[in-house]
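Asker: Let's see this in three dimensions:
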Amino acid sequence: MILNAQVNTNYRRIQAVLLLLVMSLAAYANDETPNAQQARRIFETAYDRVFGNEGSSLVYDVNIIGVFKTKGKIWLKGNKKRYSDRRVESWSDGQNYYKAIRKKKKVEIYDPTSEKKDKYAARFKFTLDDFNYSIAKQPDGLLVTLKQKKKAKGTIKEVKALLAPHTYAPIRLRIKVAFIWTTIKISDFHAGGIDDEVFVFPRSKYASEGWKFETVD
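Answerer: You can find the predicted model right below:
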């Protein structure tokens, strides 16, 4: 009986030690450095200012390794979106996505969740938890670097976001998809105060000017 009691006691001690070891490893795995914690907090603040429910607007200048270049203005608010450049204007009210192609004088109508509506935007699939974060001061702002974790499945491998020091307004983004870097320069950024009317497609205007309408599956 004494021997069995000792065996049971030792078994419970081993269980307790193993439990503490597992808890310690879990705590260690989630223990980010102060730099990483600060970087993620600042990036999330900037991300919320751009994509949050209060809305935002900005002027963008995109360069994908010199092959594709465009500039224009974009408005965002929750699941609503509008942008305008020299080739295209688009409106998405969360229910429908309208793309007015100037040269063809044609309006294409999409489901707002369809990847067909923008072949370039579809490449940039992004989840905040996919990355390890770090931050460093630069002469022109705060540089937050995101590097994709090994088991992450998103298309974006790395992000270098230059943010304004106090407001965290975006200044420049460099985004790596596979081995290709895209540079996005941002100016005239405003957060909040975006009216929902901005995202409503002015159908009567385009109908009166003789544009063709096409629903894309």
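
Asker: Only C-alpha atoms from now on, for both contacts and neighbour counts.
Answerer: Will do.

Asker: Show the pLDDT at the residue lying closest to Ile194 once chain neighbours are set aside.
Answerer: Spatial nearest neighbour of Ile194, chain neighbours left out: Gly55 (5.3 Å); criterion: CA to CA, 6 or more residues apart in numbering. We have a pLDDT of 95 for Gly55.

Asker: Quick one: neighbours of Gly55, just the number.
Answerer: Gly55: 23 surrounding residues under other CA atoms under 10 Å.

Asker: how about it, phi and psi?
Answerer: Dihedral pair for Gly55: phi 90, psi 160, per degrees, to the nearest 10.

Asker: Tell me the spacing between it and His166.
Answerer: 19 Å (CA to CA, to the nearest Å).

Asker: swap in Val144?
Answerer: 14 Å.

Asker: Give me the more crowded residue out of the two.
Answerer: Taking other CA under 10 Å, Val144 and His166 do not tie; Val144 has more neighbours (22 against 8).

Asker: how about the spatially most central residue of the chain, what does it touch?
Answerer: Centroid check for the chain by CA atoms, centre = their mean gives Phe126 as the closest residue, at 5.1 Å. Shown in contact with Phe126 (CA atoms under 8 Å, 6 or more residues apart in numbering): 154-156.
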